[in-house]
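Peer 1: coordinates for the following, if possible.
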Amino acid sequence: MPINIPDGLPAKATLHQERIFALEEEVANNQQIRPLHVVILNLMPTKVETETQILRLISKSPLQVSCDFMRVSSHEATHVSADHLVKFYDTFDALKDNYYDGFIITGAPVEQMEFEDVDYWDEFCRIVDWSQTHALSTMYLCWGALAGLYHLYGIPKKMLGSKLFGVFKQRLCDEYNFLTNGFDEVHYMPHSRHAAIDTAALAEHPELQVLSEGFTSGPAIIATRDFHEVYVTGHFEYGRDTLGSEFWRDFHKGLPIRVPENYFPDDDPEKQPIFTWRAHANLLYRNWLNWIYQMTPYELERIPEVIEQLRGGGDIMTDKF
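Peer 2: Below you'll find the predicted structure:
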């Protein structure tokens with residue numbers, strides 16, 4: 001949330017340099033307030049668990065947020081009841097005339113497939129294209145991040161020799177970037193994936209900035225400089241026991257699976273994991289929602305206009321205030 005300061009206070013310039021929202025009294029008195037509208041495209045088979053994880057993070061913001069749930073119509077979900085989908089989810093066609101302050105696209109367990117071989121790939125691309133004009137900011141998670149970067153920028157994924165599985169240290173790349181403002185210089189993030197971003201191809205796109213990266217796991221948080229797109233390659237939304245559940249699931253199926261790295265104390269799967277990423281997960285989502293709250297127009301129909309203004313460059317915070 002922003003702070004309200006007296007008009008002309010000298011500290012304002014310093015606060016803006018540190019990416020802190022500070023509203024002078026005249027702006028604060030005229031600010032229009034409404035709930036934020038967020039839509040979640042849930043591609044995970046464990047829909048109820050993923051819903052809970054993401055809503056838990058969104059709920060930590062002091063802002064009021066209204067959430068819609070979107071599903072793809074070109075894929076039949078098999079791990080959730082049809083009644084749950086009918087009751088709580090809408091198809092893209094049912095929601096495509098809406099405008100949203102925020103959009104979240106989850107991961108999906110299809111990263112070992114070529115993007116074009118995923119049965120809902122064409123629909124996914126239509127949804128991403130739609131989001132470019134209908135959502136002020138879109139956050140892509142795990143496979144969603146790899147797929148979004150591939151579709152929008154042609155950045156390919158690279159298959160890993162073995163599954164990246166565990167909780168990994170990430171290095172903060174910009175102390176005063178608004179999305180990671182308040183992060184420690186080193187933070188932790190769970191990863192569970194078979195593929196990674198082609199970093200050489202990523203470096204060819206100066207419009208994309210790496211906000212944090214792993215010492216061994218590669219870029220973790222990437223964003224366009226106007227924050228219209230945010231890419232998170234790991235799973236900040238995971239709960240304490242999610243990686244453990246994945247491990248035991250594959251173990252009991254007889255699948256080749258290693259104990260997740262840096263997760264169980266003493267690498268003993270019988271011990272309770274230490275929840276080392278919760279604070280930074282909450283902070284990222286709060287920063288993201290706060291930025292949306294400051295930038296989004298009161299009239300949702302004006303979102304395409306604001307997107308164009310943000311894409312025009314300049315200092316986002318100075319232009320706004």
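
Peer 1: so what's residue 281 up against?
Peer 2: 57, 236, 237 (CB atoms under 8 Å, 6 or more residues apart in numbering). The way it works is simple: take the backbone N, C-alpha and C, and place the C-beta from them, glycine included.

Peer 1: can you confirm it is in a strand?
Peer 2: No: assigned with DSSP: H, G, I helix; E, B strand; the rest coil, residue 281 falls outside any strand and is helix.

Peer 1: please report how far it lies from residue 228.
Peer 2: 21 Å (CB to CB, to the nearest Å).

Peer 1: identify, from the contacts of residue 281, the entry nearest to residue 75.
Peer 2: residue 237 (21.0 Å; CB to CB).

Peer 1: check the closest one and give its pLDDT.
Peer 2: On pLDDT, residue 237 comes in at 96.

Peer 1: quick check: it touching residue 52?
Peer 2: No: assessed by CB atoms under 8 Å, residue 237 is found out of contact with residue 52, at 9.3 Å.

Peer 1: where's residue 50 relative to residue 259, distance?
Peer 2: Distance, residue 50 to residue 259, by CB to CB: 23 Å.

Peer 1: the two: who's more crowded?
Peer 2: residue 50 (21 against 15; other CB atoms under 10 Å).

Peer 1: and the more buried one, what does it touch?
Peer 2: Residues near residue 50 by CB under 8 Å, 6+ apart: 42, 44, 106, 237.

Peer 1: point out the least confident one among the residues you listed.
Peer 2: Within the contacts of residue 50, lowest confidence goes to residue 44 (91).

Peer 1: which element is that residue on?
Peer 2: Using DSSP states H and E, residue 44 sits within no helix or strand.

Peer 1: spit out the contact partners of it.
Peer 2: Residue 44 makes contacts with 50, 106, 107, 108, 109, as judged by CB under 8 Å, 6+ apart.

Peer 1: mind listing the strands for the chain?
Peer 2: With DSSP state E as the criterion, the chain has strands at 3-5, 22-24, 36-41, 65-71, 90-91, 100-105, 135-141, 157-172, 186-197, 208-214, 218-224, 229-232.

Peer 1: please pick the buried ones from the contacts of residue 44.
Peer 2: 50, 106, 107, 108 (16 or more other CB atoms under 10 Å).

Peer 1: out of the contacts of residue 50, which is nearest to residue 128?
Peer 2: The closest of the contacts of residue 50 to residue 128 turns out to be residue 106 (CB to CB; 13.3 Å).

Peer 1: now that closest one. Its backbone dihedrals?
Peer 2: Main-chain torsions, residue 106, degrees, to the nearest 10: phi -80, psi 180.

Peer 1: residue 237 and residue 52 - which one has more neighbours?
Peer 2: Legend: neighbour count by other CB under 10 Å for residue 237 and residue 52, higher for residue 237 (26 against 12).

Peer 1: where's the residue nearest the centre of the chain relative to residue 246, distance?
Peer 2: When CA atoms, centre = their mean is applied to the chain, the residue found nearest the centroid is residue 139 (3.4 Å). Distance of residue 139 to residue 246, computed by CB to CB: 22 Å.

Peer 1: now do residue 140
Peer 2: Residue 140 sits 21 Å away from residue 246, going by CB to CB.

Peer 1: tell me which of those two has more neighbours.
Peer 2: Each of residue 140 and residue 246 has its neighbours counted (other CB under 10 Å); residue 140 has more, 26 against 17.
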